[in-house]
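Peer 1: Coordinates for the following, if possible.
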Amino acid sequence: MANHQTEKKALEVVVAHEAANQRTAIRVHKCGYDLCSKGGNEERHIEVKGTAKKSFSFRWLEPKEQECLEEHPFFLLYLVTETDSAQPKIKKFNKADLEQRFHREVTHHYYKFAKSEFI
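Peer 2: Take a look at the predicted model:
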């Protein structure tokens, strides 16, 4: 399954899971998570990562996702495995779970330049 297909399937699995638990999950964009799920008086901001494999050994968060984890107490990471099988599996991690697993590894350094420097 291609990366885009894996991501799409993982999102579908999580939306169905939330619906089965009397929650409504809506796709959101450009805010540091993939789904906003509501049910009862609770709101969840869910970042979804998927793989066709049986497990994850590690998974990084993009800077905006990490920022949401740090700022939103209702941020959750759902890791969906076996996305190409008949029964994908979901593992859920809240802020406390993720803080225990945190490891920072700098992979990029970037520098900002003003547009005026290139006129």
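Peer 1: Restrict the lowest-mean-pLDDT helix or strand in the chain to CA atoms and write it as PDB.
Peer 2: One helix or strand of the chain scores below all others by mean pLDDT, DSSP states H and E: helix 95-101, with a mean of 86. Coordinates of each C-alpha in helix 95-101 appear next as PDB, following Å, rounded to 0.1, in the frame of the first residue of the first chain:
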ATOM      1  CA  LYS A  95       0.500  13.300  26.500                       C
ATOM      2  CA  ALA A  96       1.900  11.400  29.600                       C
ATOM      3  CA  ASP A  97       2.500   8.300  27.500                       C
ATOM      4  CA  LEU A  98       4.400  10.200  24.900                       C
ATOM      5  CA  GLU A  99       6.500  12.200  27.400                       C
ATOM      6  CA  GLN A 100       7.900   8.900  28.700                       C
ATOM      7  CA  ARG A 101       9.000   8.000  25.200                       C
END
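Peer 1: Now do it: everything it contacts.
Peer 2: Contact with helix 95-101 is made by 69, 73, 75, 77, 93, as judged by Cβ atoms under 8 Å, 6 or more residues apart in numbering. Yep, even glycine has a C-beta here, placed from its N, CA and C like the rest.
Peer 1: next one: stretch 48-66
Peer 2: Applying Cβ under 8 Å, 6+ apart, the external contacts of stretch 48-66 come out as 1, 6-7, 9-11, 13-14, 30-35, 47, 69, 77-84, 88, 103.
Peer 1: what distance separates the start and the end of that stretch?
Peer 2: Start-to-end span of stretch 48-66 (Cα to Cα, to the nearest Å) is 13 Å.
Peer 1: again with stretch 81-88
Peer 2: 6 Å.
Peer 1: same question, stretch 26-39
Peer 2: 12 Å.
Peer 1: and if you look at stretch 53-67?
Peer 2: End-to-end distance (Cα to Cα), stretch 53-67: 27 Å.
Peer 1: Kindly list the main-chain dihedrals of the closest residue to residue 19 other than its chain neighbours?
Peer 2: Closest residue in space to residue 19, ignoring its immediate chain neighbours: residue 25 at 7.1 Å, by Cβ to Cβ, 6 or more residues apart in numbering. Per-residue torsions, residue 25: phi -110, psi 130 (degrees, to the nearest 10).
Peer 1: Lovely, talk soon.
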